[in-house]
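**Q** Provided below for reference: sequence and predicted model.
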Amino acid sequence: MFASNVLSRVVGIVFESAQRQLKLVLPRCILSSRRMENSNLIPPFISEIKGFLDEEEGQRLFELALEACSLGPCLEIGSFCGKSTVYLGVACKIKGKTLFSIDHHRGSEEQQPGQPYFDFELLDSKSGVIDSFPYFRAVMQKAGLDEVVVPMVSKSHVVARDWATPLGLVFIDGGHSYDMVIKDYDYWYPYLLPGGFLVFHDIFLDPAEGGQAPYEVYKVALASGEFKALPMTKTLGILQRSGPVMVEK
Ligand code: MG
């Protein structure tokens with residue numbers, strides 16, 4: 001009798017423990033399979049879009065935007081031809097949120113005629129200046145993001161002047177001089193909601209690998225005490241806002 005009681009108790013404990021393990025493992029499996037399903041929604045033509053975003057970085061942007069959308073809309077500075085916009089925009093579409101995408105579409109200094117990153121396809125033959133907006137617009141249409149992405153063809157500080165909407169994610173990938181990156185940071189971080197993501201592209205820990213301005217500003221943001229650092233993905237520096245919202249409008 002005693003032996004059978006002990007046996008049934010042991011079987012009970014083993015069963016409960018197995019149940020507990022299953023409960024822990026199942027949500028993770030469901031979550032990762034959902035993530036796989038979702039990332040399959042990124043159109044295959046993304047690899048053909050002009051731009052400088054690595055695929056792994058794009059996938060991380062997509063996952064961050066999925067999470068950020070539970071807080072509010074997303075915003076990117078420096079959409080160029082729309083590669084990052086598609087990664088972020090597809091996540092926003094899944095979650096029924098908006099992506100605001102800022103770019104003057106006149107190209108950076110290095111993309112002007114005669115410069116190392118000049119692309120003849122982006123030159124407006126009538127005006128003789130760079131205009132990446134027609135290309136960007138065609139990409140948004142092809143990706144089915146016309147009703148998700150709001151392009152703002154302007155400079156970041158002009159849009160910021162009368163901005164008042166709290167944001168779940170801000171992606172900074174506009175001008176890469178220190179002056180421009182710090183301004184983009186100063187203009188936009190106050191709108192990030194607690195738990196929202198501040199993401200910088202082109203963070204090079206080794207100066208031999210690239211310009212240091214985004215990294216310098218990333219460090220300024222971290223030193224402010226308003227953010228905690230999350231693991232990087234290649235050159236994507238990711239901070240999560242922990243402080244109170246300070247939107248003063
Ligand atoms: Mg970049």
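**A** Received, thanks.
**Q** Give the buried residues for stretch 64-82.
**A** The neighbour-count check on stretch 64-82 (16 or more other C-beta atoms under 10 Å) flags 64-69, 71-82 as buried. Every C-beta, even on glycine, is put in place using the N, C-alpha and C of the backbone.
**Q** Take the residues you listed and keep only those in strands.
**A** Judged by DSSP state E, strands contain the following of the buried residues of stretch 64-82: 74-77.
**Q** Surely residue 41 is in contact with residue 94?
**A** Yes. Residue 41 lies in contact with residue 94 (C-beta atoms under 8 Å); the separation is 6.7 Å.
**Q** Show me which of these two is the more surrounded one.
**A** Just comparing residue 41 and residue 94: by other C-beta atoms under 10 Å the higher neighbour count belongs to residue 94, 16 against 12.
**Q** any idea which element the more buried one lies in?
**A** If you go by DSSP states H and E, residue 94 is part of helix 83-95.
**Q** For that helix, name the packing helices and strands.
**A** helix 55-68, strand 74-77, strand 99-102, helix 133-142, strand 149-152, strand 167-172 (3 or more C-beta pairs under 8 Å, 6 or more residues apart in numbering; DSSP states H and E).
**Q** And the next helix or strand past the third one?
**A** Okay, so that is strand 99-102. Criterion used, DSSP H and E; the element after strand 99-102 is strand 123-124.
**Q** which other helices and strands contact the helix or strand harbouring residue 240?
**A** Element membership for residue 240 (DSSP H and E) is strand 236-241. Packing contacts for strand 236-241, counted by 3+ C-beta pairs under 8 Å, 6+ apart, involve helix 55-68, strand 192-200, helix 213-223, strand 227-233.
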